[in-house]
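> Curious how this folds, go ahead:
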Amino acid sequence: MKGPETALADVHTGWDEEENLIDTNLAFYDLKHLQHRNHEVAYPKFESLSKDPIKLPSKGEVIDYLNGGNDIVIRLPTKSEFHLEGEDHDGDEEWFEFDPFAWLPINVGLDEEKSGDLVTAETAWEWYFDDDFQWETVLQLGAAIRNTGSGYHDPRPPKSGPVPKSKSLPSSSAYFPGPAIEGLAMNNVRDLLAAKVNFRSKRYSDGEIEESDGRIYLLPPHPSREPGEFIRGMLEHEFDIDVEHRPDWVDDYILPNKSNFQDRIEQLEADLSSLEADVQDARQYRSILFEGSDELEELVPEVFRRLGLDVDGEISGGRDGAIKLEDQTFILEITGQNDGVDHRKIRQLEDHQDNAASEGYGTNRTGLLIFNHFKNRDPANRQLTTSNFKDRLEKQDSKLLTTVDLYQILCDYERGDIGTEEVIDILTSGDTIIRANNPLGQSTGQTEGRLESLRSQLGDII
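Coordinates of the predicted model:
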């Protein structure tokens, strides 16, 4: 089993350990457990980190296992993607999106926009989908691309730039036949909630379709059923294995503080997940200190939205968007360069303002140049010679905000020192050169310390 340790598993392996499927006939993978322990393992392919990378079997190993008549039971996560730690090309820590199903020989996805409690289950599965069951996602299943590798590759873009997206789908011959799917539970509009799947392949000799003797069980987590109970139920109800004799009345006796500990664990896991997401966002937003124009045009509007502002109105080849306030509209030009503020960018901003005026777009329009100047230098050593351009900005009713000051505004906002109204006051002040209230801070120790504290608390309880 991969997941939490339980006395029911003959063999237990951690997420960072390789399992030997050949020595088992039934394998359990608790991907819900992995979702909440994502901070304990690194993304595949990163061997040099302080934590070990996750180890999962390859598609080929899973296919051989299923064709041998062996079964895999998967307790599903509640997200089709979450994040594992890796490193960028410079060796700095970075978080990458991780597909927890990429090692399987069938395509598995989750629709996270749907949830509910109405369930129609097959009779043999009513023990699992009882009155307490609530579902958070629905299953989406399909064929798999014909390869037998791990499904995980280096997630970093090439140093020269982003990976170009393919404009064509693989040919139909690149896929295995669709799997044989047996629905175990559905919602009231017949979306799959749980399924039993036989892998299907085509024989090279005569083209006949073969189904694996082994199956993959895909089951959503039960909100009140612990992993040990889940495994026990599967062994007893589906595989007819008598695990342990227990009197009917034993469940009436609750372990001391069990519910308190369980509630505390769930709260810590939720706090950890939220904080991990916040740290990941912070690392992403930090890149406004060194990125060039193309990346900044996507990132900067997201920063303003994070600050609680409404940003839209981008025109390809024209303005980079606009911040709409109640009685004022900031027309944006966003750029980053290796040197100081460029008059060509000011001229582009002037053109954006003229075009917005001719369109009748916005009210009380003000130009706002977002500039990442000397982007390759440490922000502490960047000079801003305002005498070269300030007069021209003032004549056109425009302002300048460097990404260094924008980042500090974001830091102040995330710490709770300022709110959205204070951000608006900073932008609408009479200053042509907009400055943050505080100097740029270099430390993220407070957030990282909080993260480590939560991890430690969770580890102590478990």
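
> How about the contacts made by residue 289?
By CB atoms under 8 Å, 6 or more residues apart in numbering, the residues touching residue 289 are 372, 375, 379, 403, 404, 407. Any C-beta I mention is one placed from the backbone N, CA and C, and that applies to glycine too.

> Throw those residues into a markdown table and include pLDDT, neighbour count and distance to residue 342, thanks.
As requested, the contacts of residue 289 are exported to a markdown table (pLDDT from 0 to 100; neighbours: other CB atoms under 10 Å; distance: CB to CB, whole Å):
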| residue | pLDDT | neighbour count | distance to residue 342 |
| --- | --- | --- | --- |
| 372 | 89 | 29 | 12 |
| 375 | 85 | 22 | 12 |
| 379 | 84 | 20 | 19 |
| 403 | 89 | 27 | 15 |
| 404 | 90 | 23 | 17 |
| 407 | 89 | 22 | 20 |
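
> Regarding the residue nearest to residue 241 when sequence neighbours are not counted, what are the backbone dihedral angles?
The shortest distance from residue 241 to any non-neighbouring residue, by CB to CB, 6 or more residues apart in numbering, is to residue 235 (4.2 Å). Per-residue torsions, residue 235: phi -60, psi -40 (degrees, to the nearest 10).

> And the furthest pair within the contacts of residue 289?
By the measure CB to CB, 375 and 407 form the most distant pair in the contacts of residue 289, at 12.3 Å.

> Quick check, pLDDT for residue 189.
Per-residue pLDDT puts residue 189 at 92.

> ok, and the closest non-adjacent residue to residue 107?
Nearest one to residue 107, counting by CB to CB, 6+ apart, is residue 142 at 4.1 Å.

> Quick check: phi and psi at that neighbour.
For residue 142, the backbone dihedrals (degrees, to the nearest 10) come out as phi -160, psi -180.

> That one reaches residue 178, doesn't it?
Yes: judged on CB atoms under 8 Å, residue 142 makes contact with residue 178 at a distance of 6.7 Å.

> residues in contact with residue 30?
Going by CB under 8 Å, 6+ apart, the list of residues near residue 30 reads 1, 2, 3, 4, 75, 227, 230.

> how close does it sit to residue 226?
Distance of residue 30 to residue 226, given as CB to CB, to the nearest Å: 11 Å.

> cool, residue 13 as well?
20 Å.

> And the residue nearest the centre of the chain?
Geometric centre of the chain, nearest residue: residue 82, 3.8 Å, by CA atoms, centre = their mean.

> what's near enough to touch it?
Taking CB under 8 Å, 6+ apart, one finds 35, 38, 97, 98, 100 in contact with residue 82.

> again, but for residue 76
Counted by CB under 8 Å, 6+ apart, residue 76 has contacts 31, 32, 110, 137, 139, 218, 219, 220, 221.

> Please flag which of these sit within helices.
Among the contacts of residue 76, DSSP state H puts 31, 32 in helices.

> Looking at the contacts of residue 76, spot the one nearest residue 69.
residue 218 (18.6 Å).

> May I have the beta-bridge partners of the closest one?
Residue 218 has these beta-bridge partners by DSSP bridges: residue 74, residue 195.

> if I read this right, it contacts residue 197, doesn't it?
Yes: counting by CB under 8 Å, residue 218 does reach residue 197; the two are 6.7 Å apart.

> The residue nearest to residue 241 contacts residue 229, doesn't it?
No: using CB under 8 Å, residue 235 is not in contact with residue 229, being 10.9 Å away.

> what residue ranges in the stretch 151-300 of the chain are flagged as low confidence?
160-175, 205, 244-262, 274-283 (pLDDT under 70).

> if you set the cut-off to 80 instead, what comes out?
Scanning the stretch 151-300 of the chain for pLDDT under 80 picks out 158-176, 202-207, 224, 242-287, 293.

> And the helices in it?
With DSSP state H, counting those that start in this stretch as the definition, the stretch 151-300 of the chain shows helices at residue ranges 227-233, 258-286, 293-306.

> ok, and the closest non-adjacent residue to residue 70?
Counting by CB to CB, 6+ apart, the residue nearest residue 70 is residue 214, at 4.5 Å.

> isn't that neighbour right up against residue 66?
Yes: with contact defined as CB under 8 Å, residue 214 counts as touching residue 66 (3.8 Å).
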